[in-house]
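Predicted model follows, preceded by the sequence.
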Protein chains: 2
Amino acid sequence: MSLRFALLAMLTSQPMTGYDVYKNFETSVGYVWHAPDSQIYPELRRMEQDGLIRGEKVPWGRKGTKKRYEITVDGVAAFRAWLNEPPQYTRERDPLRLRAAYLEWAEPDAGRQFFRDHIDYHCGRIRDWEDMIRTLRDHTNPTLARRLEGQPEDEWQRIVEYKVFAYEGLIERARAEVAWAERGLALVDRLER
Amino acid sequence: MSLRFALLAMLTSQPMTGYDVYKNFETSVGYVWHAPDSQIYPELRRMEQDGLIRGEKVPWGRKGTKKRYEITVDGVAAFRAWLNEPPQYTRERDPLRLRAAYLEWAEPDAGRQFFRDHIDYHCGRIRDWEDMIRTLRDHTNPTLARRLEGQPEDEWQRIVEYKVFAYEGLIERARAEVAWAERGLALVDRLER
DNA sequence: TTATGCATGTAATTGGTTACATGATTCA
DNA sequence: TGAATCATGTAACCAATTACATGCATAA
C-alpha cells in the first residue's frame, strides 16, 4: 500500500508522466522505495480512478501523446492523512539473519563470502545515499529543485532536512550491518578452523 | 521463498507437526522469520511433494491423528545448498524512511508521535531478542535443547554462537533505529515551533 | 538510419495477509 | 462441562516480481 504514497510523494513536487515517475524510482525516491514500471502504470490508473491524481493527455512529438499526472486536492489530503496516522509494523522477516543463524550447516568459506558480500553491498548503498545527501544539501538534485521552486523560501530548510534525515537513517542502519558482518567474519575464523 | 528454508531450518532440530512449527514461529525462529498458519500448512504439503520432508500420520488422543514431518536427506541437502549460495539483495522498500522524508507535510505532533512509537517499538524488540539470547546461552530454549541433543557436544558452541550472533545483528540494527528516532525527535523540535 | 531513450502496457506467477471454518483433546 | 489449546485447513485478496510486447521520438 506504500507504493501509492510513494507516488503521491513524488507528485507533490511536480506533475509527471508514468515514465518520469519510473525514472525517479531509479534514482531519488527509488533509494527509499523501489517499484518496477509494470507496477507503476496500473497503480497510477487506479489512483486516477480514486480521484487522487488527475491525468491529462499532452502531445509528444508529432503524432504521439503522453499522459501527465497531477496530484489533486484529495490526493494531497490523502497523503497528509497517511503521514499523520501511525504506521503499522510488520512481523520480522529477515532472510539474512535466518541464514546467519544456521551457518553451522554451511561451508566455512561460504560463510566468509556471505559476510564479505554483505559488507560490499552495504558500503555501496552507503556511498549512494551519501551522494544523494550531497545533492539534497546543495540543491543540485533535480526533483528537489523542482519541489523547492513551488514552495516559499522559508520552507526550504524543513523540506531538505527531513529528506537528509531519512537518508541518514538508512546510512546508520547500513553501518550497523557492516559492523555486524565484520564481527561475523571474525566469528567464522574463531569457530571454524 | 525463504519460508521453505525457515521450515527446513526448524525441522533440522526435530520432527514436528504443522502446529508445532506454527507455535515455534511465534517464539524462536519467528523472531527472525514469521509466517501465519495459513501459509505453513500448504507449504509443508508442497515440501513433502518435493521430497524435502516426509510426513507421517501419528495417533493423537483416541480418535484423532496428526501429521509429523521429518526432514529427508534431500531436504538437508537443499538446506545446505541454500546456505552455500549467495543471497540476493532486494531493492529498497522502506515505508518508515519514506514517511520520514516527507514529514514537512505532517502535523508536527504526528511527527513526534511517529518517532516516540518508533523508539518504543524497537526497544520492545531489543528486549525480546535479549531474552532470546539468554535462553540460547544457558540452553533453556526448548527448541535449541532438542537440537543439541542430536549433536555431538563439541558442536554445541558453533550451533549456539551462530544463533546468538544472528540475534545480536537484529539488536544492533534496532539500536541504530532508536538512535535515529531520538535524533528525529530533536529535529522536529528544531524545525517546528 | 539506427540505436537509444521515451512511453505504455499485459499476463502469469509468487509470496504473503486476512478472514473464515471446523473439530478433537486436554485440563481445570 | 466448558474453556483453552491442538490440529488443519480453504478462499479471497493484495502486493510485488518476471517476462513479454509494442511503438514513437530524438539525436548521433
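In hand now; what should we look at?

Do a quick rundown of the helices in chain A.
A:2-11, A:18-26, A:37-49, A:73-84, A:95-101, A:108-137, A:142-149, A:156-191 (DSSP state H).

Near DNA strand D, which residues of chain A? Just list them.
Within reach of DNA strand D by CB under 7 Å from any atom of the strand, chain A has these residues: A:1-3, A:34-36, A:38-39, A:60-64. Heads up, the C-betas are built off the backbone N, CA and C, glycines and all.

Mind doing that once more with 6 Å?
Contact residues, chain A versus DNA strand D (CB under 6 Å from any atom of the strand): A:Met1, A:Ser2, A:Leu3, A:Ala35, A:Pro36, A:Ser38, A:Gln39, A:Trp60, A:Gly61, A:Arg62, A:Lys63, A:Gly64.

And for A:Asp138, the neighbour number?
A:Asp138 sits with 10 neighbouring residues when counted by other CB atoms under 10 Å in any protein chain shown.

Please report phi then psi for it.
phi -100, psi 10 (degrees, to the nearest 10).

Spatially central, which residue of chain A would that be?
Note on chain A: the residue nearest the mean C-alpha position is A:Val32, at 1.5 Å, using CA atoms, centre = their mean.

List the residues that contact it.
A:Ala6, A:Ala166, A:Tyr167, A:Leu170, B:Glu92, B:Asp94, B:Arg97, B:Leu98, B:Ala101 (CB atoms under 8 Å, 6 or more residues apart in numbering or on different chains).

For it, give me the pLDDT.
The model reports A:Val32 with a pLDDT of 93.

one step back: kindly present the helices of chain A as a markdown table, with separate columns for mean neighbour count and mean pLDDT.
Formatted as a markdown table, the helices of chain A follow (neighbours: other CB atoms under 10 Å in any protein chain shown; pLDDT from 0 to 100):
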| stretch | mean neighbour count | mean pLDDT |
| --- | --- | --- |
| helix A:2-11 | 22 | 97 |
| helix A:18-26 | 18 | 94 |
| helix A:37-49 | 15 | 97 |
| helix A:73-84 | 17 | 98 |
| helix A:95-101 | 23 | 97 |
| helix A:108-137 | 17 | 97 |
| helix A:142-149 | 16 | 94 |
| helix A:156-191 | 19 | 98 |
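
Turn these into a markdown table, including distance to B:Leu187.
Below are the helices of chain A laid out as a markdown table (distance: least, CB to CB, whole Å):
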| stretch | distance to B:Leu187 |
| --- | --- |
| helix A:2-11 | 19 |
| helix A:18-26 | 25 |
| helix A:37-49 | 30 |
| helix A:73-84 | 15 |
| helix A:95-101 | 29 |
| helix A:108-137 | 14 |
| helix A:142-149 | 18 |
| helix A:156-191 | 6 |
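
of all those, which lies closest to B:Asp131?
Among those, the nearest to B:Asp131 by CB to CB is helix A:95-101 (16.0 Å).

Pop out the phi and psi values for the residue of chain A found nearest DNA strand D.
Using CB to the nearest atom of the strand, the closest approach of chain A to DNA strand D is made by A:Gly61 at 2.7 Å. For A:Gly61, the backbone dihedrals (degrees, to the nearest 10) come out as phi 70, psi -150.

who's in contact with it?
By CB under 8 Å, 6+ apart, A:Gly61 has no neighbours at all.

Repeat that for the one 10 residues further on.
Shown in contact with A:Ile71 (CB under 8 Å, 6+ apart): A:Leu8, A:Leu11, A:Thr12, A:Pro15, A:Leu52, A:Ile53, A:Phe79.

Mind doing that once more with 7 Å?
A:Leu8, A:Leu11, A:Thr12, A:Ile53 (CB atoms under 7 Å, 6 or more residues apart in numbering or on different chains).

repeat for A:Leu8
A:Leu8 touches A:Leu52, A:Ile71, A:Gly75, A:Ala78, A:Phe79, counting by CB under 7 Å, 6+ apart.

quick revisit: dump the residues of chain A next to DNA strand D into CSV; add distance to B:Asp138 as well.
Converted to CSV, the residues of chain A next to DNA strand D look like this (distance: CB to CB, whole Å):
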residue, distance to B:Asp138
A:Met1, 42
A:Ser2, 40
A:Leu3, 45
A:Ala35, 45
A:Pro36, 47
A:Ser38, 50
A:Gln39, 47
A:Trp60, 68
A:Gly61, 72
A:Arg62, 76
A:Lys63, 75
A:Gly64, 70
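
re the thing from before, just flag the most distant two among the contacts of A:Leu8.
Maximum pairwise distance among the contacts of A:Leu8 (CB to CB): 9.3 Å, between A:Ile71 and A:Ala78.

how far away is the residue nearest to the centre of chain A from A:Tyr167?
8 Å (CB to CB, to the nearest Å).

Close to DNA strand C: what parts of chain A are there?
So chain A meets DNA strand C at A:17-20, A:37-38, A:41-42, A:60, A:66-67, A:90-91, A:93 (CB under 6 Å from any atom of the strand).

which among those gets closest to B:Arg134?
A:Arg91 (21.7 Å).

Now that closest one: phi and psi?
According to degrees, to the nearest 10, A:Arg91 has phi -60, psi 150.

residues in contact with it?
B:His34.

For it, give me the pLDDT.
Reading off the model, A:Arg91 has pLDDT 91.

May I ask which two of the contacts of A:Ile71 are separated the most?
Farthest pair in the contacts of A:Ile71 (CB to CB) is A:Thr12 and A:Ile53. Separation: 10.7 Å.

if you count what's nearby, which of the two comes out ahead?
The neighbour count for A:Thr12 versus A:Ile53, taken as other CB under 10 Å, is higher for A:Ile53 (23 against 17).

A:Arg80 - nearest residue in space that isn't next to it in sequence?
Among residues not flanking A:Arg80 along the chain, B:Trp105 sits closest, at 5.5 Å (CB to CB, 6 or more residues apart in numbering or on different chains).

what number of residues lie near the one you found?
Neighbours of B:Trp105 using other CB under 10 Å come to 20.

So it versus A:Ala9, what's the distance?
B:Trp105 is 8 Å from A:Ala9, by CB to CB.
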